[in-house]
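>>> Could you look at this predicted model? Sequence included:
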Protein chains: 2
Amino acid sequence: MAEIIEPRTLRGFRDSLPQTEILKLEIQRKLTRVFRSYGFVPIDTPALEYAEILLGKGGGETDKQVYRFLDHGQRDVALRFDLTVPFARFMAAHSQELYLPFKRYHMAKVWRGENTQRGRYREFIQIDFDIVGVDSPSADAEILMVMQDSMRALDIEEFCIHFSHRELFNELLQALGIGTQYLPVLRVVDKLKKIGRERVEEQLREIAGAERTREILAFIAMEGSNGATLSKLRKSLTERGAAGQTSSESKALTRLTRVLECIQACGLEGHFRLDPSITRGLDYYTGVVFETFLDLLPGIGSVCSGGRYNDLASLYTSEHLPGVGASIGLDRLVSALEDLGLGGELRTAPDVLVLYLDDSMLGQYHSLAGELRAGGLAAETYPADRKLNVQLKYAERRGIPLAVFYGEAERLKGTYNLRDLRTRENREDLSLPDLIRTAAELLKS
Amino acid sequence: MAEIIEPRTLRGFRDSLPQTEILKLEIQRKLTRVFRSYGFVPIDTPALEYAEILLGKGGGETDKQVYRFLDHGQRDVALRFDLTVPFARFMAAHSQELYLPFKRYHMAKVWRGENTQRGRYREFIQIDFDIVGVDSPSADAEILMVMQDSMRALDIEEFCIHFSHRELFNELLQALGIGTQYLPVLRVVDKLKKIGRERVEEQLREIAGAERTREILAFIAMEGSNGATLSKLRKSLTERGAAGQTSSESKALTRLTRVLECIQACGLEGHFRLDPSITRGLDYYTGVVFETFLDLLPGIGSVCSGGRYNDLASLYTSEHLPGVGASIGLDRLVSALEDLGLGGELRTAPDVLVLYLDDSMLGQYHSLAGELRAGGLAAETYPADRKLNVQLKYAERRGIPLAVFYGEAERLKGTYNLRDLRTRENREDLSLPDLIRTAAELLKS
C-alpha cells in the first residue's frame, strides 16, 4: 500500500467549509446587488502577472511579502497582492475600449506572504470598488453612499463611516510651519485609533514639539456634530491663513462641505462623522479618505476603507486618471458578522429529503424530487438503499428540515407523507400539489 | 518623468471586461441555483498548496504544466491545476467535520502552463460538482440530472448528454481476449468524436486486428434508441459470456439500466444517449462516464464531462471514498453561449442616469438616485458638472436606457422629466412615484 500524504494546507491558507463559504457567497451576492444598483460593473484580472507590472521599479515594504517566481518560460512573475495595482494596469490597457468615468467592482483573492503569527492570512478575498476618470464631490459622495448601503445590505445597522481630507491636514501643518514633517506626523496620527490619544501625543511631541502637538490634537478632535467640526476646521484654517489663502476657503474644506451636503440631503448624517484624525497612512491618497467602524466591534478596526487618489495608472500610461474608491476585506467582514450573530442563520441543507424506501421505485424518487424542485423547493433524494434510521440520521446531521415518505403503499394510493424533522409532526396522504404547498408552508414557519 | 511600463498581461492570461465578466457571473449564479436546488453545497480551497499534495509522488504528464516554485519559507508549493486533487485533500482533512454522502460544488480558477498556440488559456475557471461517499445508481443519475438542469438553466435546449460505463468496455475487451490492451484501445476510442470513425478504425486495427476492430466498432455504435443500444450491448456480452459471467448480467449493464430507469422516469430521455464509445481517456474513472455536446456546436467538444471513480482520496487517507462528479469549463461555456447568441443580452449599464444639471442641486441628485434605488431601479448620478451633451453621450456609450432631467424649473414645480434614450421620447412633469412607475414600465418594454 502506498504511503499516505498528510492532507495539510500551507500555513496562512485555509479551506472554506460549506457554512463559511455560503456566508461568503451570500455577502458577495448582497454587495453585488448594491454595486450594480449604483451602476458599478464587475471586472476580473489574472491572478498572476509580470512582477514588473505588480511591483513597478520599486523595492518597498510590500515586495518581501509578494509571491514571486520564475515561470516555465523564465518570466519573472508574481501573484497579485492587492486589486488596485492590477486595476491600474487594466485601465491603462483598456482605456480605448472603456468609457470614462468608469465604475468597477472587483471581488477576488489576493496573496501576501505575511507573518502569520499576528493571525494574518496569506490568501484572502478583497472587494474593491472605484470610480475612475473624474475628480468631483459627487463621485466622492457616491463611494460613501455605496459604503453605507453595503453595510445596511448586510443587516449591519450600528456602524459609522469616518471621513476627512488628506489636504486638510497638509494645510494645517503648513500653517504651523511644519509642512516638511507632513508624512511622519500623518503616520503617527493615523495610529490614533490603534494606540490611543496619549501615545499619539507622546510621539507627536517628539516630531512637532508640545505647542504644535496641542494644536494638532485640537484640530483632529471631532466636535459634537459634523457641522461643528466643519466650523472648527474652517475657523482654525482661516485664523492661520492656512495654505497661503486669504479670502477664499481651502480646497479641502470646500470639497468636504459639498460631500457633507450630499450626505445630509440623503438623510444619512447619522452614519457619517467628519473626523480629521482619519489620514490613511498611505502616500497614495490625495483627497477625501474614509474608514468604517462597527459600533459593537471597535477592536477589529475599519471594515471598509479608501479615499481619493490623483492618478491611478501613471506607471502604465500618460493618461491622467483621477479616482476614488474603497476596499472591503471579506474575511474580516465574515468574522465580524459571525461575532455580531448575523452570519449563522444560513442553512446549508436543502429543504426536503426524498427518502429511498423501495429500491424498485428509484426512478420515481428522482421524478418526485424533480417535481419538488419545479415547485420551488430544494430537494435531494437519499442516494442509496439504506436503512431508514441511517437516512434520517443523515437528514438530521445536515439539518434538512423536511422528509418525504413514499413507499409501495403510498404509490398504490397515489399519495405522499411528509414529516417535519424539526417537530417530528407528520402530514399524511397528501397529493403532489398538496405536498408542495404543505412543504412550502412548513418552511416558512 | 518616470519611464512607462507597458501594461501587458502574461501570455495565456486575460482580463475579463465588464460584458464578459457579467456573463460569467450570471452563468455562475444560474448554476449555483441549480446546484443548491439539489442540495449541493459550496466549498473553497487555497489556490496555492504544497506541491507534494497536488502532484503526489508522481511525475506524469501534468507536472510540466504546473506552476511550481519555492516560497519565502523555501516550501515547495504549486498553484492548483484542477479542483479534483484539492477536493480529495479537502475530504481527507475534514472527513470528521463532514457528513457522508457529501455533495459539493466548487467554482474557482485553476492554472496550467499549457501551450498557448492551440488557443489554450493558462488561467481558467472550473466548475466541479461531486457526490462523495456513496456508490449507487441514484448518485450517478443525480449527477446526470444536475447536468441537464444546468444546461436548461442557461437556456440551452439543444444538447445531448452521452453516457456509458467504463467497465462495459473492459468486459467486451476481456471477452475478445484483448483485456491487456484495455488502455491503448480506450485511448483510441476516446478520440472518435475528434478524429472520426475512419481514423479510429485504422488505429484500432494496428492494436486489435481487423476482426476485433469490426466487433469493437459494432459494440460502440449507438442504435436508434437507448433501449435498443442497451439490448445490443446485453446481447453482445451475453453471447460471449463476457467477464466470465454466465447467467447473471454484467455489473456495468445493471448499473446503466438503473440509471436509464431514472432518466426515463423523469421524462428526460430526449436529452440522454447511451453511447458506448464514451470512455473518457483518464485512468481515474471506473464507472459511469459522460460528456455533453451542443447540437448546434458539435465542433467545440464536450462542455460538461465526468464520471464515477472508485476512491477519491486514497493518496491522503485510508478512508474509502467512492464518488461521482462532473466538471464544466466556464470559459468554453462562455464562448459557446456567445456563439449561440445566448450571452449578448446582458446589460452592463444601470437603468437610469440622473443628469447633473445644476451644481447647487448636487445633494438632491444623490437623494433622488437613492429614491430610485429604493424603488427597485439601478440608478447613478452623472458624477460631475459637465455639459448636457457630454452627459448624454456617456449614457449612450454605456447603454443606459433612461435619463432623469431635474433642474431648477422642475425643483420649483416639484416634478421630474424622464427621457427614454432609446426612443428619445420624453415624459414630463412626473411626481416621484410616477417617475419610478413610468421608469419601471419603460424598462419592461
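The structure has been received and is ready for your questions. Residues are numbered from 1 along each chain as shown, chains lettered A, B, ... in the order given.
>>> average model confidence for stretch A:259-279?
Taken as a whole, stretch A:259-279 carries a mean pLDDT of 95.
>>> anything in that stretch near chain B?
Yes: applying C-beta under 8 Å from any C-beta of the partner chain, one finds stretch A:259-279 touching chain B at A:Glu261, A:Cys262, A:Gln264, A:Ala265, A:Cys266, A:Gly267. The way it works is simple: take the backbone N, C-alpha and C, and place the C-beta from them, glycine included.
>>> so what's the second one up against?
Shown in contact with A:Cys262 (C-beta atoms under 8 Å, 6 or more residues apart in numbering or on different chains): A:Pro137, A:Ser138, A:Ala141, A:Leu144, A:Met145, B:Leu362, B:Gly363, B:His366.
>>> Near the first one, how many other residues are there?
Applying other C-beta atoms under 10 Å in any protein chain shown, we find 24 residues neighbouring A:Pro137.
>>> just to revisit the earlier point, distance to B:Leu340 and pLDDT added to the contacts of A:Cys262, as TSV?
Listed next are the contacts of A:Cys262 as TSV, based on distance: C-beta to C-beta, whole Å; pLDDT from 0 to 100:
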residue	distance to B:Leu340	pLDDT
A:Pro137	45	97
A:Ser138	41	97
A:Ala141	42	98
A:Leu144	42	98
A:Met145	39	97
B:Leu362	45	97
B:Gly363	47	96
B:His366	41	97
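>>> pLDDT wise, what is the residue in the stretch 51-200 of chain A positioned nearest to chain B at?
Minimum separation of the stretch 51-200 of chain A from chain B (C-beta to the nearest C-beta) falls at A:Phe69, amounting to 3.5 Å. Here the pLDDT value assigned to A:Phe69 is 95.
>>> now do A:Met151
As predicted, A:Met151 sits at a pLDDT of 96.
>>> so A:Ile127, which of the three states?
strand (DSSP: H, G, I helix; E, B strand; the rest coil).
>>> any chance you could map the strands in the stretch 101-250 of chain A?
Per DSSP state E, counting those that start in this stretch, the stretch 101-250 of chain A carries strands over the ranges A:102-111, A:123-132, A:159-165.
>>> what's the angle from the first one to strand B:102-111?
Strand A:102-111 runs at 100 degrees relative to strand B:102-111, counting by axes from the mean of the first three to the mean of the last three C-alpha atoms, to 10 degrees.
>>> same thing with the second one?
Relative orientation of strand A:123-132 versus strand B:102-111 (the same axes, to 10 degrees): 60 degrees.
>>> what bits of chain A have low per-residue confidence?
Low-confidence segments of chain A (pLDDT under 70): A:1-2, A:57-62, A:118-119, A:241-249, A:282, A:344-345.
>>> Which helix or which strand is home to the residue in the stretch 301-445 of chain A that chain B sits nearest to?
Proximity of the stretch 301-445 of chain A to chain B (C-beta to the nearest C-beta) peaks at A:Gly363, 2.8 Å away. Assigned by DSSP states H and E, A:Gly363 falls within helix A:362-374.
>>> How far off centre is that helix?
39 Å (C-alpha atoms, centre = their mean, to the nearest Å).
>>> helices and strands around it, which ones?
In terms of contacts (3 or more C-beta pairs under 8 Å, 6 or more residues apart in numbering or on different chains; DSSP states H and E), helix A:362-374 is packed against strand A:352-354, strand A:379-381, helix A:432-444, helix B:137-153, helix B:251-265.
>>> Now do that helix and helix A:432-444, the angle between them.
Helix A:362-374 runs at 60 degrees relative to helix A:432-444, counting by the same axes, to 10 degrees.
>>> Which positions within helix A:362-374 qualify as buried?
Within helix A:362-374, the residues that qualify as buried are A:Leu362, A:Gly363, A:Gln364, A:Tyr365, A:His366, A:Ser367, A:Leu368, A:Ala369, A:Gly370, A:Glu371, A:Leu372, A:Arg373, counting by 16 or more other C-beta atoms under 10 Å in any protein chain shown.
>>> State the pair within these that is farthest apart.
By the measure C-beta to C-beta, A:Leu362 and A:Arg373 form the most distant pair in these, at 17.2 Å.
>>> returning to what we had before: among the contacts of A:Cys262, pick out the one closest to A:Ala51, please.
Using C-beta to C-beta, A:Leu144 is the member of the contacts of A:Cys262 that lies nearest A:Ala51, at 34.8 Å.
>>> show me what contacts the residue in the stretch 201-350 of chain A that chain B sits nearest to?
At 2.7 Å from chain B, A:Ala265 is the closest residue in the stretch 201-350 of chain A, using C-beta to the nearest C-beta. Contact partners of A:Ala265, counting by C-beta under 8 Å, 6+ apart, are B:Leu362, B:Gly363, B:Gln364, B:His366, B:Ser367.
>>> what's the angle from the helix holding A:Gly363 to helix B:137-153?
Computed by the same axes, to 10 degrees, the angle separating helix A:362-374 from helix B:137-153 equals 30 degrees.
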